[in-house]
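Peer 1: fold the stuff below for me.
(one chain, ligands or ions: 2)
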Amino acid sequence: MVRRYQIRTYGCQMNEADSERLAGLFDADGYERTDRADDADVIVLNTCCIRENADNRLYGALGHLKALKDGRPDLQIAVAGCLAQKDQELIQQRAGHVDVVFGTHNVHRAPQLLADARQHGPVIEILDAAARDDGEMFPTALATTRELDHAAWLTIQVGCDNSCAFCIVPAVRGPELSRPFGDLVADAVRLAADGVQEITLLGQNVNSYGRDITTARRRRDPDVEDAAAAGPVWADDPARRARPLFADLLRAVGAVSGIDRVRYTSPHPKDLRPETLAAMAETPAVCEHLHLPVQSGSDAVLAAMHRGYAADRYLDKLAAARAAIDDLAVSTDIIVGFPGETDADFDATLELAAAAQYDYAYTFQYSPRPGTEAAERTEAYVDPAVTNDRYERLRTVVERSALAQHRARVGRNEEVLIEAPSKKDERVMSGRTRQNKLVHVAATESLRPGTLATVTVTDAAAHYLHGELVEVLASPRRRTKIPVVAG
Ligand code: SAM
Ligand code: SF4
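Peer 2: Ligands and ions are numbered 1, 2, ... in the order given. Next up is the predicted model:
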């Protein structure tokens, strides 16, 4: 009997990448994927704990799964990811029907832990940190089953060495570890050979990529193996730096034949270097989109958050990026209601958001996370009603600039990489422009996931564009499993 698995992903791109890796492990183990909980033998909840509502969603989902498990005791339920790392045994205390809990550093152990639980009962395995030299533990893009055949995540570093006062990531993802340069380029080459056209480089602070490699290798000949494996872009450069910068990685991945688009997320504003902007401008495959999380427009709040930059400096970096890169789209993350945020602080955030003219922004209400510095400042918590009001006002400002940026594109021809049939209307295909804008185009037989097409933008809303197909530039390089609906 073939065993079936379902993975539910809560959270950020890191979690999506981990879920693809989990799917790859289950597929390699002979499992089949299902989208229906009723058909599944194993359900994995891959969790996030960045904000409190992620906690609530997990425990809500576990509550619903209890009835299913009562009816089918053989069903195995596993909880993975950041919340598992944070709550550990609390998960099985609150939800006794959970069979396996594993953390962020041992994703590769999932099939074995489920097998152990079938033999011996509930299992919990949480490791404190990832091991650099263990190829299995450290995530490569290769053993994954991708959601989209033509697009891949490439995790370049895990963990984070910063200490933003609001953030639980360093506690649950551990210290920063970078994957070797040569391994990443080799992964990109193999992904391209597998038909991948778009690679998104992932890390919590991509601009500090390689810093830990230097520290680890200080007494050895730096990066000899990396240099040999990296190919001409970096290795043969006589002016090669002692360690690869993120900019070198952008250039090297962008030079891989078959990779049409390179994206990345997230750079930390304090570490955004001119070399990165130059690499973006000079590497045709690197997309004209910069996600630069600002968090607040108030210098006092930025200082209390320990972000390491002031609002003016942030705006200067944005201006430098726009000057260096033609037609650059810019997005951000902003938190409202950080402890101690005053009306004047919030006004500064509104001003910054208006000045930055974002293409889009992820806006969040501050959520206290246990163990973080800001969560201790209970006396300075902002009234939830005030936070809510600020949140709505900020959304209005962001949507105004998003709509203006989108309207400015009406009538233009854009290069669109088709992703999938629209979820709402299967007579429509959805894709992304190089600026990461979602575009809906009437489906035709020639538009399949992975097709690169020129599209004229005909209409704009704050969160998407409508367009008409002008011509197909290139067909997908990989056969797709997703059914295509003819228009
Ligand atoms: N490493 C990225 C950076 O520094 O820009 C961000 C990673 S975090 C997964 C994504 C976003 O979640 C952050 O940029 C922040 O806006 C938001 N976030 C993190 N902790 C939060 C909290 N306690 N409450 C509300 N939003 C939070
Ligand atoms: Fe969290 Fe700050 Fe690290 Fe981003 S840079 S993951 S916000 S601690």
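Peer 1: my read: residue 2 touches residue 30, true?
Peer 2: Yes - assessed by C-beta atoms under 8 Å, residue 2 is found in contact with residue 30 at 7.0 Å. Yep, even glycine has a C-beta here, placed from its N, CA and C like the rest.
Peer 1: torsion angles phi and psi at residue 420?
Peer 2: Backbone torsions of residue 420, given as degrees, to the nearest 10, read phi -170, psi 160.
Peer 1: ok, it touching residue 450?
Peer 2: No - with contacts counted by C-beta under 8 Å, residue 420 stays clear of residue 450, the gap being 9.9 Å.
Peer 1: which one's more surrounded, those two?
Peer 2: The neighbour comparison of residue 420 against residue 450 (other C-beta atoms under 10 Å) goes to residue 450, with 27 against 17.
Peer 1: so that one sits in a strand?
Peer 2: No - per DSSP: H, G, I helix; E, B strand; the rest coil, residue 450 lies outside any strand segment and is coil.
Peer 1: what backbone torsions are found at it?
Peer 2: Main-chain torsions, residue 450, degrees, to the nearest 10: phi 100, psi -10.
Peer 1: quick one: contacts for it?
Peer 2: Counting by C-beta atoms under 8 Å, 6 or more residues apart in numbering, residue 450 makes contact with 148, 149, 150, 195, 197, 417, 418, 475, 476, 477, 478, 480.
Peer 1: the helix or strand where residue 55 lies and ligand 1 in contact?
Peer 2: Using DSSP states H and E, residue 55 maps to helix 52-71. No - among the residues of helix 52-71, none lie within reach of ligand 1 under C-beta under 6 Å from any ligand atom; the closest is 8.1 Å away.
Peer 1: that helix: which residues count as buried?
Peer 2: Across helix 52-71, burial judged by 16 or more other C-beta atoms under 10 Å covers 54, 55, 57, 58, 61, 62, 65, 69.
Peer 1: from residue 78, how far out is the residue nearest to the first one when sequence neighbours are not counted?
Peer 2: Excluding its sequence neighbours, the residue lying closest to residue 54 (C-beta to C-beta, 6 or more residues apart in numbering) is residue 48, at 4.3 Å. For residue 48, the distance to residue 78 under the criterion C-beta to C-beta, to the nearest Å works out to 15 Å.
Peer 1: what of residue 1?
Peer 2: Between residue 1 and residue 78 the distance is 19 Å, computed by C-beta to C-beta.
Peer 1: repeat for residue 86
Peer 2: Between residue 86 and residue 78 the computed distance is 16 Å (C-beta to C-beta).
Peer 1: repeat for residue 342
Peer 2: 44 Å.
Peer 1: so these two - more neighbours on which side?
Peer 2: residue 78 (23 against 12).
Peer 1: assumed the more buried one was part of a strand.
Peer 2: Yes - counting by three-state DSSP, residue 78 is part of a strand.
Peer 1: so what's the residue count around the single nearest residue of the stretch 1-150 of the chain relative to ligand 2?
Peer 2: The minimum distance from the stretch 1-150 of the chain to ligand 2, using C-beta to the nearest ligand atom, falls at residue 50 (8.3 Å). Using other C-beta under 10 Å, the number of residues around residue 50 comes to 21.
Peer 1: quick one: contacts for it?
Peer 2: By C-beta under 8 Å, 6+ apart, the contact list for residue 50 reads 11, 12, 82, 167, 168, 169, 367, 369.
Peer 1: pull the contacting residues for the residue nearest to residue 54.
Peer 2: Residues in contact with residue 48 (C-beta under 8 Å, 6+ apart) are 10, 11, 12, 15, 54, 81, 82, 83.
Peer 1: among these, which one lies nearest to residue 106?
Peer 2: Residue 106 has its nearest neighbour among these in residue 81, at 11.3 Å by C-beta to C-beta.
Peer 1: these two touch, right, that closest one and residue 47?
Peer 2: Yes - here residue 81 reaches residue 47: they are 4.1 Å apart, a contact under C-beta under 8 Å.
Peer 1: which residues are common contacts for those two?
Peer 2: What both residue 81 and residue 47 touch, as defined by C-beta under 8 Å, 6+ apart, is the set 10, 11, 15.
Peer 1: could these go into CSV alongside distance to ligand 2, neighbour count and pLDDT?
Peer 2: Listed next are the shared contacts of residue 81 and residue 47 as CSV, based on distance: C-beta to the nearest ligand atom, whole Å; neighbours: other C-beta atoms under 10 Å; pLDDT from 0 to 100:
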residue, distance to ligand 2, neighbour count, pLDDT
10, 17, 21, 88
11, 13, 20, 82
15, 13, 20, 88
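Peer 1: out of those residues, who's near ligand 1?
Peer 2: When contact is defined as C-beta under 6 Å from any ligand atom, these do not meet ligand 1 at all.
Peer 1: how about CSV for those residues, with secondary structure added?
Peer 2: Rendered in CSV, the data for the shared contacts of residue 81 and residue 47 read as follows (three-state DSSP):
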residue, secondary structure
10, coil
11, coil
15, helix
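Peer 1: and these, which is closest to ligand 1?
Peer 2: Checking those against ligand 1 with C-beta to the nearest ligand atom, the nearest one is residue 11 at 7.8 Å.
Peer 1: the nearest residue to the closest one once chain neighbours are set aside and residue 55, how far apart?
Peer 2: Counting by C-beta to C-beta, 6+ apart, residue 48 is the residue found nearest to residue 11 once chain neighbours are left out, at 2.6 Å. Counting by C-beta to C-beta, the gap from residue 48 to residue 55 is 9 Å.
Peer 1: could you tell me which residues touch both of those two?
Peer 2: Shared contacts of residue 48 and residue 55 (C-beta under 8 Å, 6+ apart): residue 83.
Peer 1: and the strands in the stretch 251-400 of the chain?
Peer 2: Under the criterion DSSP state E, counting those that start in this stretch, the stretch 251-400 of the chain carries strands at the ranges 261-265, 289-291, 329-336, 360-365.
Peer 1: that older thread, who touches both of residue 420 and residue 450?
Peer 2: Common contacts of residue 420 and residue 450, defined by C-beta under 8 Å, 6+ apart, comprise residue 148.
Peer 1: near ligand 2, which residues of the protein?
Peer 2: Residues of the chain lying near ligand 2 (C-beta under 6 Å from any ligand atom): 160, 162, 164, 167, 169, 170, 204, 205, 268.
Peer 1: go again using 5 Å as the cut-off
Peer 2: By C-beta under 5 Å from any ligand atom, the residues of the chain that approach ligand 2 are 160, 162, 164, 167, 169, 204.
Peer 1: let's see the pLDDT reported for the residue nearest to residue 54.
Peer 2: Residue 48 is assigned a predicted lDDT (pLDDT) of 87.
Peer 1: the closest residue to ligand 2 within the stretch 251-400 of the chain: what's it in contact with?
Peer 2: Nearest residue of the stretch 251-400 of the chain to ligand 2: residue 268, at 5.2 Å (C-beta to the nearest ligand atom). Residues in contact with residue 268 (C-beta under 8 Å, 6+ apart) are 162, 205, 207, 208, 293, 308.
Peer 1: would you mind listing where the stretch 201-350 of the chain has pLDDT under the threshold?
Peer 2: Flagging of the stretch 201-350 of the chain using pLDDT under 70 yields the residue ranges 214-242.
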